[in-house]
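Novice: The sequence isn't on hand, but the structure is:
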């Protein structure tokens, strides 16, 4: 998998180039973490990443993250939230929402769950 | 060192609360990385982090990062750049600049260099 990232990345512009919702693209790497951009619209799937935290930073629009065991988190542009490892979560964007994500390089898109909406790391790096 | 971070953080607002330049504050943690905000003004010091990459994301203002061995990088709001591990760099902000940083939790502020401008991790977490 290639890891030739540009010297700098404008996160919002990179996110605006995305066509497919819920299909993150890796734009940078810092240590063992990938920085990704994604376009969200509608509901995703309930999932957890057993060993890895996941950072959401909203770039445009609004994002809600529902939890089974704690209050939902409502995020507006400029705000970040970290989903703790092992916690079931469900992202929802009523309107189109552009985000940046930070995840460990080994994090799988939908955790242990494999669905038609799952995007492999190779797809996220392409 | 306490690690009780708020559920969500608005990066720009958190950076605006800072008083002292070149004194990062930790606002979140994702896996083994801290997310920090900092206010920069003027020149910092030449330093390198031997084992750790360092991500700069400009929130407001403009940042230049000079290198000894490659072209300087000019960053505007919304753009990120990763300083590779082991590479000497020199951040410069002609006017006040607000940034977010992502660094491994063990990263020391000025690498191996210890100066009066060095801020310990305890200070960055306080």
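Specialist: That came in fine, so what should we check first? All values reported here derive from a predicted model rather than from experimental measurement.
Novice: For the residue nearest the centre of chain A, what is the enclosing helix or strand?
Specialist: The residue lying closest to the centre of chain A (Cα atoms, centre = their mean) is residue A:101, at 4.2 Å. Following DSSP states H and E, one finds residue A:101 within strand A:89-104.
Novice: Compute the first-to-last residue distance for stretch A:37-49.
Specialist: In stretch A:37-49, first residue to last residue: 18 Å (Cα to Cα, to the nearest Å).
Novice: Tell me if that stretch is near chain B.
Specialist: No: using Cβ under 8 Å from any Cβ of the partner chain, stretch A:37-49 stays clear of chain B, coming no nearer than 10.1 Å. In this view, the C-beta of every residue, glycine as well, is placed from N, C-alpha and C.
Novice: Kindly report the same for stretch A:14-26.
Specialist: No: applying Cβ under 8 Å from any Cβ, one finds stretch A:14-26 out of contact with chain B, separated by at least 9.6 Å.
Novice: Mind listing what's buried along that stretch?
Specialist: Neighbour-count burial for stretch A:14-26 flags A:14-15, A:18, A:22-26 (criterion: 16 or more other Cβ atoms under 10 Å in any protein chain shown).
Novice: Which of these fall within strands?
Specialist: A:25-26 (DSSP state E).
Novice: so what's residue A:84 up against?
Specialist: residue A:53 (Cβ atoms under 8 Å, 6 or more residues apart in numbering or on different chains).
Novice: mind showing which ranges of chain A have poor pLDDT?
Specialist: A:1-2 (pLDDT under 70).
Novice: Within range of chain B, give me the residues from it.
Specialist: Residues of chain A lying close to chain B by Cβ under 8 Å from any Cβ are A:5, A:7-13, A:28-33, A:35, A:52-55, A:57, A:73, A:75-76, A:78-82, A:102-104.
Novice: List buried members of those residues by neighbour count.
Specialist: A:8-12, A:28-31, A:33, A:35, A:52-55, A:57, A:73, A:75, A:78-82, A:102-104.
Novice: Strands of chain A, start to end?
Specialist: Using DSSP E, strands in chain A cover A:8-10, A:25-30, A:33-43, A:54-60, A:63-67, A:73-75, A:79-83, A:89-104.
Novice: how about those, which one is nearest residue B:94?
Specialist: Closest to residue B:94 of those, according to Cβ to Cβ: strand A:8-10, at 18.0 Å.
Novice: got a list of contacts for that closest one?
Specialist: For strand A:8-10, contacts defined as Cβ under 8 Å, 6+ apart pick out A:27-28, A:35, B:73, B:75-76, B:78-81.
Novice: among those, which two are most distant?
Specialist: The widest separation within those (Cβ to Cβ) is 17.4 Å, between A:35 and B:76.
Novice: Give the closest residue to residue A:123 in space, chain neighbours not counted.
Specialist: For residue A:123, ignoring the flanking residues on the chain, the nearest one in space by Cβ to Cβ, 6 or more residues apart in numbering or on different chains is residue A:23 at 7.1 Å.
Novice: I meant residue A:20, not that one.
Specialist: Nearest to residue A:20 is residue A:39, by Cβ to Cβ, 6+ apart, at 7.3 Å.
Novice: thinking that neighbour is in contact with residue A:101, fair?
Specialist: No: under the criterion of Cβ atoms under 8 Å, residue A:39 makes no contact with residue A:101, lying 11.5 Å away.
Novice: State the distance from the nearest residue to residue A:95 once chain neighbours are set aside to chain B.
Specialist: Nearest in space to residue A:95, with sequence neighbours left out and distances taken as Cβ to Cβ, 6+ apart, is residue A:61 at 5.7 Å. Distance from residue A:61 to chain B, counting by Cβ to the nearest Cβ, to the nearest Å: 15 Å.
Novice: quick one: contacts for residue A:61?
Specialist: Each residue near residue A:61 by Cβ under 8 Å, 6+ apart is listed here: A:40, A:77, A:93, A:95-98.
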